[in-house]
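Colleague: Dropping a prediction and its sequence here:
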Amino acid sequence: MKDLRNKVAAITGAGSGIGRALAVALAKEGCHLALSDRNESGLAQTAALAAVAAPQLKVTQHCVDVADRAAVYEWAATAAAEHGRANLIFNNAGVALSSTVEGMSYDDLEWIIGINFWGVVYGTKAFLPYLKASGEGHVVNTSSIFGIFAQPGMGAYNASKYAVRGFTESLRQELDLMDCGVSATTVHPGGIKTNIAQASRVSSSVNGFLVRDAQHGRDEFEKFFITTPDKAARVILEGVRRNRRRVLIGPDAYAADAMARLLPAAYQSLVVRETRRKRDLGAAVVPGAAGERS
């Protein structure tokens, strides 16, 4: 899909961050938009920005919780009916959780898996028939660099993002075999300047073990958010045009990916050593990731 003009793109987590940046970038390329988010005010702001960028385009918006399968399917059907078709689905919505494996509650684990993994599954499966019917479609699923590179205190987040990676890579191979005009890309952002850190859940199990306290950890980790959402959106859309299987975003993502490739087992010892050093110095080491809660 080298030309995005007059295509129809659906985006989850469109109320802020990468989702908003994707909406505006797509509008500038002449792509109609079906936007969703749980944050109605943020969603309305994104729709307004897209309308300013390209007033001639059709932009629809729906308040959707991606962890609600019925709601996602209803949105997909409505979006396809409102626009007459659907060509792209950007499963971008996501949340973060910092907790040790031992200390995490099952409620928190189910919460993050429900959004980060099941939300991607629901969005993919709900829109896939419409993408195939259009004759030219693309599924874009947001994983994370933490879908390649694991960190202590992020077991649930890592699990959700590794799952997205495996799910989407398998999907891509199936679509290649079908030769149906639809493809898929996995996105692995590094630190993106969004509000995911401030909106994250932080378990008390990391206090004194990985960080001084929850808020200090959030604030300190935001310093590692080095790539803007606008830059991330441009890289993602270039990945779609080039039909890439995998898209890395940011120098930190490339560095972590290289370390995981060169030292697939040994990198874990290096992470432990660095984490212990920062902890002893009193610095926060709470990891975070890109994406936005829908």
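Modeller: Nice, thanks for sending it over. Numbering: from 1, shown residues only.

Colleague: any idea where the strands of the stretch 1-150 of the chain begin and end?
Modeller: For the stretch 1-150 of the chain, the strands defined by DSSP state E, counting those that start in this stretch occupy 8-11, 32-37, 59-63, 88-91, 97-98, 137-142.

Colleague: Okay, now the sheet partners of the last one, with direction.
Modeller: Sheet pairing for strand 137-142, assigned by DSSP bridges, gives strand 88-91 (parallel), strand 182-189 (parallel).

Colleague: Please point out which parts of it sit buried.
Modeller: 137-142 (16 or more other C-beta atoms under 10 Å). C-beta: built from backbone N, CA, C; applies to glycine.

Colleague: neighbouring contacts of it?
Modeller: Identification of contacts with strand 137-142 by C-beta atoms under 8 Å, 6 or more residues apart in numbering yields 1, 18, 86-92, 94, 120, 124, 127-128, 130-131, 164, 167-168, 171, 175, 181-187, 189, 236, 239-240, 243, 290-291.

Colleague: A233 is in contact with A25, correct?
Modeller: Yes: between A25 and A233 there is a contact under C-beta atoms under 8 Å: 4.3 Å.

Colleague: how about the helices in the stretch 151-294 of the chain?
Modeller: 155-178, 214-221, 229-241, 251-262, 267-281 (DSSP state H, counting those that start in this stretch).

Colleague: what's the pLDDT at V59?
Modeller: V59 is assigned a pLDDT of 97 by the prediction.

Colleague: How many residues are close by it?
Modeller: Number of residues near V59 (other C-beta atoms under 10 Å) recorded here: 21.

Colleague: For the closest residue to it other than its chain neighbours, list the residues it contacts.
Modeller: Leaving aside its sequence neighbours, V59 sits nearest to L33 (C-beta to C-beta, 6 or more residues apart in numbering; 4.6 Å). Residues near L33 by C-beta under 8 Å, 6+ apart: 8-11, 14, 23, 26-27, 47, 50, 57-60.

Colleague: Would you mind measuring from the closest residue to G15 other than its chain neighbours to Y162?
Modeller: In space, and not counting its chain neighbours, G15 is closest to G42: 2.9 Å by C-beta to C-beta, 6+ apart. Distance of G42 to Y162, given as C-beta to C-beta, to the nearest Å: 28 Å.

Colleague: out of the two, which sits in the more crowded spot?
Modeller: Taking other C-beta under 10 Å, G42 and Y162 do not tie; G42 has more neighbours (20 against 17).

Colleague: The more buried one: what's it in contact with?
Modeller: By C-beta under 8 Å, 6+ apart, the contact list for G42 reads 15-16, 20.

Colleague: So which of those residues sit within helices?
Modeller: R20 (DSSP state H).

Colleague: now, which of the contacts of G42 sits nearest R69?
Modeller: Nearest to R69 among the contacts of G42 is G15, at 20.4 Å by C-beta to C-beta.

Colleague: Can you tell me how far the closest one is from A50?
Modeller: Distance, G15 to A50, using C-beta to C-beta: 12 Å.

Colleague: pLDDT weak spots in the protein?
Modeller: Across the chain, the ranges flagged by pLDDT under 70 are 197-199, 212-214, 216-224, 282-294.

Colleague: from the strands paired with strand 137-142, which stretch is densest packed?
Modeller: When you average the neighbours per residue for each of these (mean count of other C-beta atoms under 10 Å), strand 88-91 leads with a mean of 29.

Colleague: ok, residues contacting it?
Modeller: Contacts to strand 88-91, defined as C-beta under 8 Å, 6+ apart, come from residues 1, 7-12, 19, 22, 31, 66, 119-120, 123-124, 127-128, 131, 137-142, 236, 240.

Colleague: How about stretch 169-184?
Modeller: Under C-beta under 8 Å, 6+ apart, the answer for stretch 169-184 is 1, 124, 128, 131-132, 134-141, 168, 185-186, 243, 245-246.

Colleague: burial measure for the nearest residue to R69 once chain neighbours are set aside, as a count.
Modeller: Closest residue to R69 apart from its sequence neighbours, by C-beta to C-beta, 6+ apart: Y122 at 4.9 Å. By the criterion of other C-beta under 10 Å, Y122 has 24 neighbours.

Colleague: so what's Y122 up against?
Modeller: 66, 69, 72-73.
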